[in-house]
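K.L.:
After the sequence you'll find the predicted model.
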Amino acid sequence: MAGHRIFGTPFAAVYPHYLAKVERKGHTKAELDTVIEWLTGFDDRALAQHLAEETSFEDFFAAAHLNPNAPLITGVICGVRIEEIEDPLMQQIRYLDKLVDEVARGRPMAKVLRTA
């Protein structure tokens, strides 16, 4: 079975859209990178490497060490409940989408990172 086309999309092709979204709402690249690091375990250097190498979403998440609190990310994204998504990779991508949305909306970082 072939995966969704987003799986083969380079993470670097979507990152600028994430960044534009948070900056449009008055937030920073540092905040975006913080949530990506929290979810994936990638530090600034590893993130920069994935962006430079145009790693696909599939390979990006395959290399990630997903935060054990990631399942605490719940709610609806693109009209679908995150906790009901069956494909693990699609769920991980939607986790990231949800975190980006929360940063853009100005949710306190402690809540975005599921520490509060």
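P.N.:
That came in fine, so what should we check first? Please read all numbers here as calculations on a predicted model, not as lab measurements. Residues are numbered from 1 along each chain as shown.
K.L.:
if I pick Arg24, what's in contact with it?
P.N.:
Ala104 (Cβ atoms under 8 Å, 6 or more residues apart in numbering). Placement of C-beta: from N, CA and C, glycine included.
K.L.:
tell me what whichever strand or helix holds Asp59 is packed against?
P.N.:
Assigned by DSSP states H and E, Asp59 belongs to helix 57-63. Counting contacts by 3 or more Cβ pairs under 8 Å, 6 or more residues apart in numbering; DSSP states H and E, helix 57-63 is packed against helix 11-24, helix 88-104.
K.L.:
Can you read off the pLDDT for the nearest residue to Glu31 once chain neighbours are set aside?
P.N.:
Spatial nearest neighbour of Glu31, chain neighbours left out: Val103 (5.2 Å); criterion: Cβ to Cβ, 6 or more residues apart in numbering. On pLDDT, Val103 comes in at 96.
K.L.:
What distance do you get for Val103 to Glu23?
P.N.:
Here the criterion is Cβ to Cβ, to the nearest Å. By it, Val103 lies 10 Å from Glu23.
K.L.:
Tell me which of these two has more neighbours.
P.N.:
Using other Cβ atoms under 10 Å as the criterion, Val103 and Glu23 rank with Val103 on top: 21 against 14.
K.L.:
related to what we said a few turns ago, among the helices and strands packed on helix 57-63, which is nearest Val76?
P.N.:
Nearest of those to Val76, taken as Cβ to Cβ: helix 88-104 at 8.8 Å.
K.L.:
Next secondary structure after that closest one?
P.N.:
Downstream of helix 88-104 (by DSSP H and E), the next one is helix 109-112.
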